[in-house]
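Asker: Quick one, what's the 3D model for this:
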Amino acid sequence: MRKRVLAAPPAGSGLKPIYGGIPSLSEMMLFRRAPQRMIADRRANFGDISFLHTPTEKLVGPLSPSACEEVALNRNKTFASEPAWGFMIGKFFRRGLLLMDFEEHRYHRLVLQQAFTTDRLKGYLEQMQPLIQQRVAGLPEGGRVRMLHELKKLTLDVALEIFLGLKLSREEADRINKAFIDCVDAGLALVRYDVPGTRWARGVAGRKVLEEFMYQHLPAKRAQQTPDLFSTLCHISSDEGHTFTDEDVVNHMIFLLMAAHDTTTITMTTMAYYLAKQPEWQGKARAQSRELPADVTYDNLSQFTVLDKVMKESLRLNAPVPGLSREAIEDTEIDGHFVPKGTRIAVMAMANHYNPELWPDPERFDPDRFSPERSEDKSHKFAWMPFGGGVHKCIGLYFGQLEIKTIMHNLLLTHEWTVPTNYQWKLDYSTLPVPKDGLPVRLKKLS
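Answerer: Down below sits the predicted model:
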């Protein structure tokens, strides 16, 4: 393959250049169809860091755990999140925590952390438990139940009740859900103008729906303290006494709701897929759930060791957020390679999650990788990175894990599910990685 240089390193710097190939539409299409294969090809052709041509720019992709760590930890503060994520989702999730940097990010994160303390997580779990039990018990039975769609409805209901403290009609909940979907889909739109009928236009309209919805309910949340996240953001303050404006609350709520219900939905759908494909693991998880109390509590979460391993392996095989996006805000380096100012960086979790040097037989579903005896995730601190890393590490990761375990525990106690022996799902990577067919399973209630 013919190689080109991204930029010549400064004379005397000792830095190495970053190589890439000639512009190729087929390579971009391969990334959307089979990103693991594209990453393996790039590693074989260019080594552990290279650049890729996109329709608008050259994108650097570090593929080693040490390079991913260097970008995520950003010790020299030469990489920024906002310019990179802002290009993709800033129009629809503006002023979310992911789109802030440095001191501003620290300010907002310190306030937001008060909404995810241990005491508040215990309260959220208490609130969601009866809702989850009711919704899981009422799941439909049959031969083609699309688990992605059922789990998405469930996580949205949980998000609306626990995050917003609101009980909405199915019609209104579906309207809000559609607005979120339209905003997420618009992030990777090729046509990035408000042209009727395009992804971008639907995203713009979706953002307007979400803003109007939040501002409609904001006065009531300011007037009275309730246990939900919406009210919490209206009343919390950092140790220094910092609080959020109305605009801050609305922006953070829209971003957190999107992040919460999309990522948990994808994780549970992946778990459901592999537990259907590997019935012995479904049996192990169900046997443990039957030994533990029907009600999940914050203190017994750690006892769900089988579900924990299944969840971690599912996050490895299909990370809901494919990676980290950054921009170099000055000339810098990654793993000894020169990166000029203005370069976009894409740190892809799957580059590490499928790296055979970190994970033996990485394509195989093997939850015991995460057992204390093997601890393959400890081979490098960025070998397993579904929640990102550094100061932008997912602030809601503990909330997400307790929601996932509670839903999957109840699902195991009330249902069993299967797929045909030869069934293999196909993922759509055009936005977040979801099964194209919605993961149809045979879902049956246990007697």
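Asker: which non-adjacent residue is nearest the residue nearest the centre of the chain?
Answerer: Centroid-nearest residue in the chain, with CA atoms, centre = their mean: residue 321, separated by 3.4 Å. Nearest residue to residue 321 in three dimensions, chain neighbours excluded: residue 263, at 6.4 Å (CB to CB, 6 or more residues apart in numbering). In short, each C-beta sits where N, CA and C put it, glycine included.
Asker: circling back to that earlier point, what's the helix or strand for the residue nearest to the centre of the chain?
Answerer: Residue 321 is located outside every helix and strand, with elements delineated by DSSP states H and E.
Asker: those strands in this structure, which residues are they?
Answerer: Applying DSSP state E to the chain gives strands spanning 4-5, 19-20, 49-53, 58-62, 79-80, 142-146, 323-328, 332-334, 337-339, 344-348, 415-418, 427-428, 434-435, 440-445.
Asker: correct me, but residue 200 touches residue 188?
Answerer: No. The criterion here is CB atoms under 8 Å, and residue 200 misses it with residue 188 at 10.3 Å.
Asker: Of those two, give the one with the bigger neighbour count.
Answerer: Using other CB atoms under 10 Å as the criterion, residue 200 and residue 188 rank with residue 200 on top: 21 against 15.
Asker: Local confidence estimate at the residue lying closest to the more buried one once chain neighbours are set aside?
Answerer: Leaving aside its chain neighbours, residue 200 sits nearest to residue 189 (4.6 Å; criterion: CB to CB, 6+ apart). Per-residue pLDDT puts residue 189 at 78.
Asker: How about residue 38?
Answerer: Looking at residue 38, its pLDDT reads 86.
Asker: again, but for residue 209
Answerer: Residue 209 is assigned 96 on the pLDDT scale.
Asker: Ok, residue 227 next?
Answerer: 86.
Asker: I'd guessed it sits against residue 128; true?
Answerer: No. Using CB under 8 Å, residue 227 makes no contact with residue 128, being 10.9 Å away.
Asker: of those two, who's got more company?
Answerer: Higher neighbour count among residue 227 and residue 128: residue 128, with 22 against 13, using other CB under 10 Å.
Asker: picking up where we left off before, if I look at the residue nearest to residue 321, how far off is residue 370?
Answerer: For residue 263, the distance to residue 370 equals 19 Å [CB to CB, to the nearest Å].
Asker: Could I get the full set of helices for the stretch 1-150 of the chain?
Answerer: Applying DSSP state H, counting those that start in this stretch to the stretch 1-150 of the chain gives helices spanning 25-33, 35-46, 65-73, 82-89, 102-112, 118-137, 147-158.
Asker: measure stretch 360-378 end to end?
Answerer: Stretch 360-378 has an end-to-end distance of 13 Å (criterion: CA to CA, to the nearest Å).
Asker: any idea which helix is longest in this structure?
Answerer: helix 246-277 (DSSP state H).
Asker: these two touch, right, residue 400 and residue 266?
Answerer: No. Between residue 400 and residue 266 there is no contact under CB under 8 Å: 10.7 Å.
Asker: more crowded one of these two?
Answerer: Using other CB under 10 Å, the more surrounded residue of residue 400 and residue 266 is residue 266, with 25 against 22.
Asker: What about residue 157, how many residues nearby?
Answerer: 21.
Asker: My guess is it contacts residue 134. True?
Answerer: No. Look at residue 157 against residue 134 with CB under 8 Å: they stay out of range, at 9.6 Å.
Asker: who touches both of the two?
Answerer: Counting by CB atoms under 8 Å, 6 or more residues apart in numbering, no residue touches both residue 157 and residue 134.
Asker: OK, contacts around residue 239?
Answerer: Applying CB under 8 Å, 6+ apart, we find residue 239 in contact with residue 110.
Asker: Could you pull up the residues touching residue 257?
Answerer: With contact set as CB under 8 Å, 6+ apart, residue 257 has these partners: 159, 163, 164, 180.
Asker: Can you tell me which of the residues you listed has the most neighbours?
Answerer: Per-residue neighbour counts (other CB under 10 Å) across the contacts of residue 257 peak at residue 159, which has 26 neighbours.
Asker: can you pull the pLDDT of that one?
Answerer: 85.
Asker: show me the contacts for the closest residue to it other than its chain neighbours.
Answerer: For residue 159, ignoring the flanking residues on the chain, the nearest one in space by CB to CB, 6+ apart is residue 261 at 4.5 Å. In this structure, residue 261 makes contact with 152, 155, 156, 158, 159, 180, judged by CB under 8 Å, 6+ apart.
Asker: Greatest separation within those residues: which pair is it?
Answerer: Greatest spatial distance among the contacts of residue 261 (CB to CB): 158 and 180, at 13.9 Å.
Asker: for this protein, what are the low-confidence residue spans?
Answerer: Judged by pLDDT under 70, the chain has its weakly predicted residues at 1, 23-28, 30, 55.
Asker: Who are the contact partners of the residue nearest to the centre of the chain?
Answerer: Residue 321 makes contacts with 263, 349, 386, 388, 394, 432, as judged by CB under 8 Å, 6+ apart.
Asker: So which of those is the closest to residue 41?
Answerer: Relative to residue 41, the closest of these is residue 349; by CB to CB it sits at 17.9 Å.
Asker: what's the closest non-adjacent residue to the closest one?
Answerer: Counting by CB to CB, 6+ apart, residue 319 is the residue found nearest to residue 349 once chain neighbours are left out, at 4.2 Å.
Asker: how near is residue 3 to residue 46?
Answerer: In terms of CB to CB, residue 3 sits 7 Å off from residue 46.
Asker: Find the residues that touch each one of those two.
Answerer: 19, 20, 21.
Asker: I'd guessed the second one sits against residue 51; true?
Answerer: This means residue 20. Yes. The pair residue 20 and residue 51 passes the contact test of CB under 8 Å, sitting 3.8 Å apart.
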